[in-house]
Structures are given as C-alpha cells and as structure tokens.
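>>> Could you look at this predicted model? Sequence included:
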Amino acid sequence: MMHEGERLQKVLARVGLGSRRVCEDLIADGRVTVDGVVAVLGRRIDVDTTLVEVDGAVVGIKPDLVHYLLNKPAGVISTAEDTHDRPTVVELMPEEPRVFPVGRLDADTEGLLIITHDGELTHRLTHPSFGIEKEYLTQVEGEPSRAALRELREGVELDDGPSAKARVTAVDPSLLRITIHEGRNRQVRRMCEAIGHPVIRLVRTRIGPIVDRRLKPGEWRVLNRDEVRSLEVAVGSGNSGGALERDR
Ligand code: URA
C-alpha cells in the first residue's frame, strides 16, 4: 500500500499549482493536507479517493474531470431525466462522460448552470453550509417600493421559514439584481411573490466567482482550470468570496 499512488508533489504540479519544486515547498511548509492530515514530503496518494487541500482550499486532482458552464434556456428541465419527456439540460451536453447539473434551475429560469461529474465539488456547491452566492437578474410585475426592497434584503416570510439576508439592487424600477446564498426551491420567485411583485423573468447571472456575459442561451463551454480552482477556493474556505452577512 505504502508505495501505491502518485507522489503528492507531482500531482500538485500536474494540476498547475507550480513547479515540482514549488509544490515540494508547499508540502514542506505544512500547507498541504491529505484527507485532513498535514502531508509529509514523499507522500503518495490515490487521486481518485483522496481529498487534497492547500491552505484549506480543496484542490481538484482527479484526472479527466469535466466541468461545463451552460446558459440554460427557458423550457429546459435541469434534472437528469424528466418523467414528462421534456427536454433536459443533460441532453444539451456531450454524451460522454455522463454529467449532472449542479443544483437546479426551474424550467422557466434561464442562465448559468454548472454541469459536471465532479461529485465533491457538486456536494460543496449545493450544500447550504458553504453558502455559495448566486446572483439573479429578476424582472418583476410592478415597481417594488423602497420598503419592499428593504424587506427582500432583510428576509421575507416563506412557508419553509424566513429567507436569509439578500443583496438587492434595482437596476430599473421593475428589474432587480438579487444575490442569495441559499438554494431553496423556487426561492427568488417565492421571495418576490412575498412582497407582492411576482417574477416575470428570472436569469441567473453568477454562481460564486463564475460569470459569463457572452454565452448565449443554449450554449455551453468548458470551465477553465482557473475557474474550477476559483470555485474550489470559494467552497473550500466556507464562503463564496465576499459572502453575504449571515443573519442566523
Ligand atoms: N430561484 C428561483 O425561484 N428559481 C430558480 O430557478 C432559481 C432560484
């Protein structure tokens, strides 16, 4: 067992953390943990089963993991399969390897969705304790008053408990930029309904550090290594970089 696997410094260098020498220094300086334990030089790891962190941020080390960014069009379902035979986001993606959406957008919601088979990252991006920020451009009925916007920011009563603090700015009187760090079912729609301004159109424009203003509805691209790393940092450190103030 002791001699199996790939040397840690080689793995770190392969995924772009620096030269082999730089990665040896990271290990020697005690900045690298393997499954939660500070690693020593010479350590070998199984890249398929080991959790490696540098300065507390998870490092994606598995070879051949793919991470796609899709601009989901309205009318497409973001589960892997649909019982009513409606089109799904997975059908828009390459068939191999088999990938899954990270969390869900409602059928009518448009915008950015990460699709991958990276289970660890999916878990962290969707788990509420990591509080990754999601930003939505939200067109609503009517023109919410300043008091209504304040309510949205402070948290509104929903049937599964109050919403957490949100960042809300009015781009236009009926167009709101809403940033939340929870991922409850139909959350933005329910929040807007709660203040009496139902959503007409909802577009997700940011997931943590990931934005893309050029990707057209229905188009997808591969997330580059820096983007994947920025996501790992966002969830590895327990917030999404500039996380919202917590109210609980
Ligand atoms: N909030 C919603 O109401 N719907 C989504 O699809 C995402 C966030």
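Arrived safely, thanks for sending.
>>> use CA for all of it now, contacts and neighbours both
Will do.
>>> element containing V203, please.
Applying DSSP states H and E as the criterion places V203 in strand 199-207.
>>> buried sites along that strand?
Neighbour-count burial for strand 199-207, with 16 or more other Cα atoms under 10 Å as criterion, is recorded at V199, R201, L202, V203, R204, T205, R206, I207.
>>> Now tell me which helix or strand of this structure has the poorest mean pLDDT.
strand 57-59 (a mean of 74; mean pLDDT, DSSP states H and E).
>>> elements contacting that one?
If contacts are counted by 3 or more Cα pairs under 8 Å, 6 or more residues apart in numbering; DSSP states H and E, strand 57-59 sits against strand 52-54, helix 225-236.
>>> so what pLDDT did E6 get?
Looking at E6, its pLDDT is 88.
>>> Return the residues of the chain in contact with the ligand.
L105, D106, T109, R186, Q187, V188, R189 (Cα under 6 Å from any ligand atom).
>>> are any of those buried, and which?
L105, D106, T109, V188, R189.
>>> Secondary structure and pLDDT for the residues you listed - can I get that in CSV?
Below are those laid out as CSV (DSSP: H, G, I helix; E, B strand; the rest coil; pLDDT from 0 to 100):
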residue, secondary structure, pLDDT
L105, coil, 96
D106, coil, 96
T109, coil, 98
V188, helix, 98
R189, helix, 98
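>>> In terms of distance to D25, which of the residues you listed ranks first?
Nearest to D25, judged by Cα to Cα, of these is L105 at 42.5 Å.
>>> Just the endpoints, please. Distance across stretch 155-174?
This stretch, stretch 155-174, spans 19 Å end to end (Cα to Cα, to the nearest Å).
>>> Which positions within it qualify as buried?
Buried residues in stretch 155-174, counted by 16+ other Cα under 10 Å: G155, V156, S163, A164, K165, A166, R167, V168, T169, A170, S174.
>>> Then stretch 43-55?
Across stretch 43-55, burial judged by 16+ other Cα under 10 Å covers R43, R44, I45, V47, L51, V52, E53, V54.
>>> any idea how far the ligand is from E24?
Separation of E24 from the ligand (Cα to the nearest ligand atom, to the nearest Å): 43 Å.
>>> Same check on D55?
32 Å.
>>> right, and that residue touches V32 too?
Yes - between D55 and V32 there is a contact under Cα atoms under 8 Å: 6.5 Å.
>>> residue ranges with poor pLDDT in this structure?
1-3, 16, 62-63, 80, 82, 237-248 (pLDDT under 70).
>>> From the centroid of it, which residue is nearest?
What sits nearest the mean C-alpha location of the chain, by Cα atoms, centre = their mean, is L125, with 4.4 Å.
>>> So that one sits against V235, correct?
Yes - counting by Cα under 8 Å, L125 does reach V235; the two are 6.5 Å apart.
>>> Let me see the domain layout of this structure.
Following the assignment in automatic domain parsing, the chain carries domains at 6-59, 67-128+209-245, 134-207.
>>> where exactly do the strands run in this protein?
6-7, 32-34, 37-38, 44-45, 52-54, 57-59, 67-72, 100-101, 110-116, 134-140, 167-172, 175-180, 199-207, 220-222 (DSSP state E).
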